[in-house]
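Enquirer: I need the structure of the sequence given here:
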Amino acid sequence: MNLGKAIHQQNGLRYIIELLQLQSSVGRQRMLQQLFMSDPVVLEKEFELLSEMVERFKNSHFLGAIKVIIQRLQDLHDIQGTLNNLSGKAVLDDIELFEIKRFALLADEIRKQLKVLDYNGIVISDLTKVIKILDPEQNHIPHFFIYDAYSEPLSALRKKRKAIKDQQSEEALQIHQQCIEIEDEIRKALSTKLWAFYTEISEAWQAVAELDFMLARARLAVDLELVKPQISIDSSNFTRLFHPQVKSLLEQQNQQFQPWDISLHKAPCIITGANMAGKTMLLKTIALNQYLFQFGFFVAAASAEIVPVEKIMTGIGDEQSELSGLSSFAAEMLNIQAIIAQARAGKKLLVLIDEPARTTNPHEGIAIANALIDLLEKLEVRSLITTHYSGLKTNCRKLRVKGLHFPTNTEPITVANINQYMDYSLVTHKSDEVPREALQIAKILGIDKALTDGAKLYADLNEKKL
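Expert: This is a model prediction of the structure:
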């Protein structure tokens with residue numbers, strides 16, 4: 001899977017990608033082609049290269065060189081069509097020769113600035129020989145013409161024609177035709193010389209695209225205060241994990257995002273908590289950061305040790321497919337079946353499921369949730385599952401969102417300030433019972449008193465029956 005495809009599967013990724021300050025179309029193409037990496041060795045190398053570039057961004061000594069590189073990248077045009085013609089050993093026209101010359105000059109300047117940066121993570125081929133072929137007068141100006149320097153006979157014919165007063169005379173037209181024939185031969189000769197440098201030009205083109213993507217990721221890491229993740233083989237551990245988009249939205253409203261500390265082991269973990277306690281957002285945040293990690297980005301946390309997986313599988317939100325005509329429950333069960341099939345096939349997974357079997361009756365829902373957790377534990381699937389169901393009898397690790405706490409002063413809790421009194425931190429939870437704060441929150445939200453009083457009456461009756 002590449003990043004272009006993943007953007008459509010994980011909503012938070014689109015926000016991150018829109019923040020990337022890519023300077024060229026070729027850089028964007030490179031970004032979309034970025035592969036989902038699961039090999040620890042490949043990931044480690046990727047993070048080392050990115051870390052070095054992040055350090056350059058943080059050092060004011062290198063900012064001048066970075067600025068020049070960015071300016072050169074902004075001047076970059078897409079020459080893939082010309083490269084294709086060069087690869088096919090076609091005779092290039094003046095525009096294509098100009099494109100190669102212009103790119104070679106840009107690549108040469110960027111290569112020099114990389115030396116100033118003392119950055120060896122990306123190597124741009126030396127194209128000085130290409131520049132010499134297309135710039136015989138050595139003026140390093142980004143334009144192309146069949147220069148007189150290419151041919152003494154051509155130079156002499158041009159001077160002779162220029163001296164003729166009547167440019168439409170037979171003599172002038174004959175000389176013009178002779179010039180065209182020589183110019184065509186020169187284009188053919190130049191193209192033949194450039195064919196030998198196709199590999200160097202193509203590699204430089206790819207390296208410049210890589211550099212654009214690397215610079216964008218490094219700047220993003222600095223701007224969002226992302227951290228280099230460490231690669232783990234046992235458990236994933238996050239401290240002060242956050243969701244960049246939600247954090248930004250809250251800050252715009254003069255509110256603070258409360259980050260999480262959480263560990264994921266090679267077994268399921270259940271999270272319970274009141275409504276509005278951020279359980280679903282936690283799943284989305286973990287999914288986003290796992291994707292960032294495996295696509296070679298720094299992650300949104302104070303520190304992170306992450307286990308690479310082969311696939312991230314989620315069940316978050318309404319899985320109903322209107323196009324297929326499936327009910328929510330049927331779509332959810334098919335999604336769970338896909339997870340089980342991948343686990344049985346031995347795939348290394350990260351599974352994130354929000355309230356499994358919530359769309360059926362509670363009696364069967366609890367049974368399905370219990371069986372699912374037991375099976376995931378047996379298959380050793382790294383998974384995080386949220387639930388509102390009480391009575392889950394599994395022996396897996398359980399966490400609870402602390403939830404609503406009441407002020408010591410007389411200030412009432414309202415819709416406007418309820419988030420200030422919600423504690424999103426996680427604590428170990430040993431009981432099979434889940435927090436019961438729904439009616440309390442409904443009252444705070446100002447829901448009709450007849451409804452909340454009636455609901456409490458039914459809840460009390462059910463409690464007595466149990």
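
Enquirer: just give me the neighbour total for M333.
Expert: Residues within reach of M333, counting by other Cβ atoms under 10 Å, total 19. Backbone N, C-alpha and C define where each C-beta goes, glycine included.

Enquirer: torsion angles phi and psi at it?
Expert: phi -70, psi -40 (degrees, to the nearest 10).

Enquirer: need the strands for this structure, in chain order.
Expert: Using DSSP state E, the strands of the chain run over 230-231, 236-241, 260-264, 268-272, 303-306, 311-315, 349-354, 382-386, 397-404, 422-428.

Enquirer: quick check: D423 touching G273?
Expert: No - with contacts counted by Cβ atoms under 8 Å, D423 stays clear of G273, the gap being 9.8 Å.

Enquirer: for the stretch 351-466 of the chain, give me the ranges with low pLDDT.
Expert: 389-393, 403-422, 429-446, 448, 451-466 (pLDDT under 70).

Enquirer: which residue packs closest to D261, ignoring adjacent ones?
Expert: T239 (5.1 Å; Cβ to Cβ, 6 or more residues apart in numbering).

Enquirer: residues in contact with stretch 91-111: which ones?
Expert: Applying Cβ atoms under 8 Å, 6 or more residues apart in numbering, the set of residues contacting stretch 91-111 from outside is 68-69, 72-73, 75-77, 79, 82, 85-86, 124-128, 130-131, 134-135, 140, 142-146, 187-188, 190-191, 194, 201, 204-205, 208, 211.

Enquirer: which of these are buried?
Expert: Among these, those classed as buried by 16 or more other Cβ atoms under 10 Å are 68-69, 72-73, 76, 79, 82, 85-86, 124-125, 127, 130-131, 134-135, 144, 146, 187, 190-191, 194, 201, 204-205, 208, 211.

Enquirer: starting at the chain centroid, how far to stretch 282-298?
Expert: 9 Å (Cα atoms, centre = their mean, to the nearest Å).

Enquirer: give me the mean pLDDT for it.
Expert: Average pLDDT, stretch 282-298: 97.

Enquirer: and if you look at stretch 337-344?
Expert: Mean predicted confidence for stretch 337-344 is 94.

Enquirer: can you pull the buried residues of that stretch?
Expert: Those would be 339-340, 342-343, for stretch 337-344 by 16+ other Cβ under 10 Å.

Enquirer: identify the residues contacting that stretch?
Expert: 311, 313, 315, 349, 351, 353, 375-376, 379, 381.

Enquirer: using PDB, list the CA coordinates for it.
Expert: C-alpha atoms of stretch 337-344 as PDB (Å, rounded to 0.1, in the frame of the first residue of the first chain):
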ATOM      1  CA  GLN A 337     -14.300 -11.700   9.800                       C
ATOM      2  CA  ALA A 338     -11.600 -10.000   7.600                       C
ATOM      3  CA  ILE A 339      -9.600  -9.200  10.700                       C
ATOM      4  CA  ILE A 340      -9.800 -12.800  11.900                       C
ATOM      5  CA  ALA A 341      -8.900 -14.200   8.500                       C
ATOM      6  CA  GLN A 342      -5.800 -12.000   8.400                       C
ATOM      7  CA  ALA A 343      -4.800 -13.000  11.900                       C
ATOM      8  CA  ARG A 344      -5.300 -16.700  11.100                       C
END
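
Enquirer: show me this protein divided up by domain.
Expert: Domains of the chain are assigned by automatic domain parsing as 3-216, 229-435.

Enquirer: on that earlier part again, could you redo the strands of the chain as JSON lines and give each row mean neighbour count?
Expert: Below are these laid out as JSON lines (neighbours: other Cβ atoms under 10 Å):
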{"stretch": "strand 230-231", "mean neighbour count": "14"}
{"stretch": "strand 236-241", "mean neighbour count": "20"}
{"stretch": "strand 260-264", "mean neighbour count": "18"}
{"stretch": "strand 268-272", "mean neighbour count": "23"}
{"stretch": "strand 303-306", "mean neighbour count": "20"}
{"stretch": "strand 311-315", "mean neighbour count": "20"}
{"stretch": "strand 349-354", "mean neighbour count": "23"}
{"stretch": "strand 382-386", "mean neighbour count": "24"}
{"stretch": "strand 397-404", "mean neighbour count": "20"}
{"stretch": "strand 422-428", "mean neighbour count": "16"}
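
Enquirer: any chance of those in CSV, with distance to G12 too?
Expert: Formatted as CSV, the strands of the chain follow (distance: least, Cβ to Cβ, whole Å):
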stretch, distance to G12
strand 230-231, 22
strand 236-241, 13
strand 260-264, 15
strand 268-272, 19
strand 303-306, 16
strand 311-315, 12
strand 349-354, 13
strand 382-386, 16
strand 397-404, 20
strand 422-428, 17
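
Enquirer: who wins for proximity to K45 among these?
Expert: Nearest to K45 among the strands of the chain is strand 230-231 (10.8 Å), distances taken as Cβ to Cβ.

Enquirer: ok, the closest one: who's next to it in the sheet?
Expert: strand 303-306 (parallel) (DSSP bridges).

Enquirer: report the distance from the partner strand to the chain centre.
Expert: Worked out by Cα atoms, centre = their mean, strand 303-306 lies 17 Å from the chain centre.

Enquirer: quick one: mean pLDDT for that strand?
Expert: On average, strand 303-306 scores 97.

Enquirer: next, count neighbours for A6.
Expert: For A6, using other Cβ under 10 Å, the count is 19.

Enquirer: typed the wrong thing, it's L282
Expert: 24.

Enquirer: not counting sequence-adjacent ones, nearest residue to it?
Expert: W260 (6.0 Å).

Enquirer: was I right to think that neighbour contacts D423?
Expert: No - in this structure W260 lies outside contact range of D423 using Cβ under 8 Å: 11.3 Å.

Enquirer: mind checking how far L376 is from C396?
Expert: Distance, L376 to C396, by Cβ to Cβ, to the nearest Å: 8 Å.

Enquirer: before we move on, back to that, so what's the residue nearest to D261 up against?
Expert: 261, 301-304.

Enquirer: could you do S425 as well?
Expert: 258, 260-261, 401-402 are the contacts of S425 under Cβ under 8 Å, 6+ apart.

Enquirer: one step back: pick out the most distant pair among the contacts of stretch 337-344.
Expert: K311 and L375 (17.2 Å).

Enquirer: fine by me, we can end here.
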